[in-house]
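Colleague: Here's a sequence, model it:
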Amino acid sequence: MLLMLAFCLATRRTLAAPSPTAEDLARGVDWLTKFGYLPPPDPITGQLQTQEELTKAIVVMQQFGGLEATGILDEATFKLMKTPRCSLPDLAESKTRKRRNSQGVTKWNKRNLSWRVRTFPKESHLGHDTVRALMYYALKVWSDITPLNFHEVAGNNADIQIDFSKTDHNDDYPFDGPGGTVAHAFFPGEHYTAGDTHFDDDEYWTFRSSDTDGMDLFAVAVHEFGHAIGLTHISATESIMRPYYQGPVGDPLKYDLPYEDKVRIWQLYGVRESVSPTAKPEISKADDHPILPDFPENRSTVPFRRDVPNRCSTHFDAVAQIRGEVFFFR
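Modeller: Model (predicted):
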């Protein structure tokens, strides 16, 4: 029997929590596909997934996210899926996105790279100079320990073009409003988008703020520039390259990359001659670099709210995506 998305579906029911709704499960399948845990569906015929395959994908997602590998879409798994994160997938991409993102090319073949903030956040308390300074320091995190050098330029030919955009902005990674996916960057390569870094302009970007509803721009930028120079996501909980937003990382002038991230970038580019792999970072001097202002606490924002649908349940044997719709079979 074919069950449309409007019908309800359940995995495993426990006394502690109700079963997920059909809408929850459809979102879960979409999420697992979007971030590489399930293969993308054929746009015409659909891609049939058995319950066993779906369970396996959930287990891999849970292990990558540091959760208990239950194989079911439980409360902790849904909570992680709703955590703000990078748009890029955690596992191998589809063929279309691989071509656009040039994931096969893992590093730049030059050491001097230019960057430019092409568009700034339109509704933000962060001034243009502050945004540029945060980009400078986020790039400096990587150049301090590798032979890479980053130079800000004014022209249109920068290697790393930085934009603040909303929703669909003409690449394969449309933003989705507040929360959800917050930023992404393209890997090094020959494609014209290589190195380009995009931030969601619907996010409430903050700096030196105690506002827990905002997104710390420096922390997100360090992560995205890691992609722009060749690093993929990693499951290590302390890594800046973990796909999920983990909050502010402290003073940009004093920030030190986790050792695992250092090792991964050294494997791509080697160690900067002036750097000892075991030495502590030097604190930047304010008169040598852009000045970051003391930013006042920002106003609180109202968290994005989703209505909770009514719950009901049934058993399924397979799930498929056909022409943009999700179908459940039993």
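
Colleague: centroid residue for this structure?
Modeller: Centroid-nearest residue in the chain, with CA atoms, centre = their mean: residue 86, separated by 0.8 Å.

Colleague: Grab the nearest non-local neighbour of that residue.
Modeller: The shortest distance from residue 86 to any non-neighbouring residue, by CB to CB, 6 or more residues apart in numbering, is to residue 243 (4.9 Å). The way it works is simple: take the backbone N, C-alpha and C, and place the C-beta from them, glycine included.

Colleague: quick one: the one you found and residue 88 touch, right?
Modeller: Yes - contact criterion CB atoms under 8 Å: residue 243 and residue 88 qualify, at 7.3 Å.

Colleague: what sits in contact with each of the two?
Modeller: Here residue 243 and residue 88 have residue 233 as joint contacts, going by CB atoms under 8 Å, 6 or more residues apart in numbering.

Colleague: Quick one: residues contacting the residue nearest to residue 86.
Modeller: Here residue 243 is in contact with 35, 85-86, 88, 90, 233 (criterion: CB under 8 Å, 6+ apart).

Colleague: Just the buried ones from those residues, in ChimeraX syntax?
Modeller: A single ChimeraX command selects the buried members of the contacts of residue 243 (16 or more other CB atoms under 10 Å):
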select :35,85,86,88,90,233
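
Colleague: Out of the contacts of residue 243, the closest to residue 108 would be?
Modeller: residue 88 (17.7 Å; CB to CB).

Colleague: Skipping its backbone neighbours, what lies nearest that closest one in space?
Modeller: Leaving aside its chain neighbours, residue 88 sits nearest to residue 184 (5.3 Å; criterion: CB to CB, 6+ apart).

Colleague: And the next helix or strand past the helix or strand containing that neighbour?
Modeller: Element membership of residue 184 [criterion: DSSP states H and E] is strand 181-185. Per DSSP H and E, the first helix or strand lying C-terminal to strand 181-185 is strand 197-200.

Colleague: which residues does the residue nearest to the centre of the chain contact?
Modeller: 181-184, 223-224, 227, 233, 243.

Colleague: For residue 87, the count of nearby residues, please.
Modeller: Residue 87 has 23 neighbours, counted by other CB atoms under 10 Å.

Colleague: Which pLDDT value goes with it?
Modeller: Looking at residue 87, its pLDDT reads 97.

Colleague: State the distance from it to residue 216.
Modeller: 17 Å (CB to CB, to the nearest Å).

Colleague: quick one: secondary structure of residue 107?
Modeller: coil (DSSP: H, G, I helix; E, B strand; the rest coil).

Colleague: all strands of the stretch 51-200 of the chain, in order?
Modeller: 85-86, 112-117, 149-152, 160-165, 181-185, 197-200 (DSSP state E, counting those that start in this stretch).

Colleague: Include distance to residue 175 when you put those into CSV, please.
Modeller: Below are the strands of the stretch 51-200 of the chain laid out as CSV (distance: least, CB to CB, whole Å):
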stretch, distance to residue 175
strand 85-86, 12
strand 112-117, 17
strand 149-152, 25
strand 160-165, 7
strand 181-185, 6
strand 197-200, 4
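
Colleague: Specify the stretch among those that is closest to residue 30.
Modeller: Checked against CB to CB, the stretch from the strands of the stretch 51-200 of the chain lying closest is strand 181-185, at 12.5 Å.
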